[in-house]
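**Student:** model this:
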Amino acid sequence: MGLSNLGIFHTVIGIIAIVAAAVDFIRNGKIDLSQVTGKIYFYLTLITSLTALGLSKHSGFNPGHVFALFIVILILVAYFLHSKQQGNNKARFFENILLSFSFFLSLVPTVNETFTRIPIGHPLAKAPTDPIIGQTLLLLFILFVIGSVFQFRGQKKLINQYKIVEPDDK
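**Tutor:** From the prediction side, this is the model:
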């Protein structure tokens with residue numbers, strides 16, 4: 001498999017982040033930064049994305065580095081919205097979509113690296129352009145869109161359930 005020490009650390013931390021997000025999706029229907037699993041996702045995704053900047057199959061800055069930086073921006077903005085915009089329903093919508101999108105984007109290099117390395121000696125894909133990678137990412141994108149719709153609808157329903165209706169002043 002040929003992973004460096006940084007690559008092994010990056011992979012282990014990344015797997016824990018993905019598992020934490022999956023647990024949060026199952027428990028809460030979203031990545032919830034107020035829960036331990038959401039905090040684990042946030043911090044470990046930040047570490048994973050930053051360590052990705054030190055990894056490269058090809059020398060120099062590459063698309064994987066762009067993904068990593070973009071994920072960092074997404075989770076930092078979501079964290080800002082979570083911590084500074086409490087009680088703002090629109091901020092919650094953006095926070096949820098940013099965290100979900102960061103999760104989806106984290107799966108892109110994960111699928112690529114996993115499919116081109118495992119099983120050892122006979123990987124599922126020979127290159128990032130292999131159809132199985134594209135098909136898997138398409139399926140994950142469809143699940144992301146469906147999940148986002150369910151998150152939006154669930155959040156909208158929750159907001160409407162607790163909305164206080166003001167009496168008419170007429």
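
**Student:** rest of the way, CA atoms for contacts and neighbours
**Tutor:** Fine.

**Student:** Next, the buried residues of the least confident helix or strand in the chain by mean pLDDT.
**Tutor:** Least confident helix or strand, the chain: helix 131-161 with a mean of 87, by mean pLDDT, DSSP states H and E. Across helix 131-161, burial judged by 16 or more other Cα atoms under 10 Å covers 132-133, 137, 140-141, 144, 147-148, 151-152, 155.

**Student:** List phi and psi for residue 34.
**Tutor:** The phi/psi pair for residue 34 (degrees, to the nearest 10) reads phi -90, psi -10.

**Student:** The most centrally placed residue in the chain in helix, strand or coil?
**Tutor:** Here the mean C-alpha position of the chain is nearest to the C-alpha of residue 103 (Cα atoms, centre = their mean), at a distance of 1.1 Å. Here residue 103 is recorded as helix under DSSP: H, G, I helix; E, B strand; the rest coil.

**Student:** low-confidence ranges in this protein?
**Tutor:** 1-2, 56-59, 88, 158-159, 161-170 (pLDDT under 70).

**Student:** Could you give the number of residues near residue 122?
**Tutor:** Residue 122: 11 surrounding residues under other Cα atoms under 10 Å.

**Student:** Okay, it and residue 22: tell me how far apart.
**Tutor:** 28 Å (Cα to Cα, to the nearest Å).
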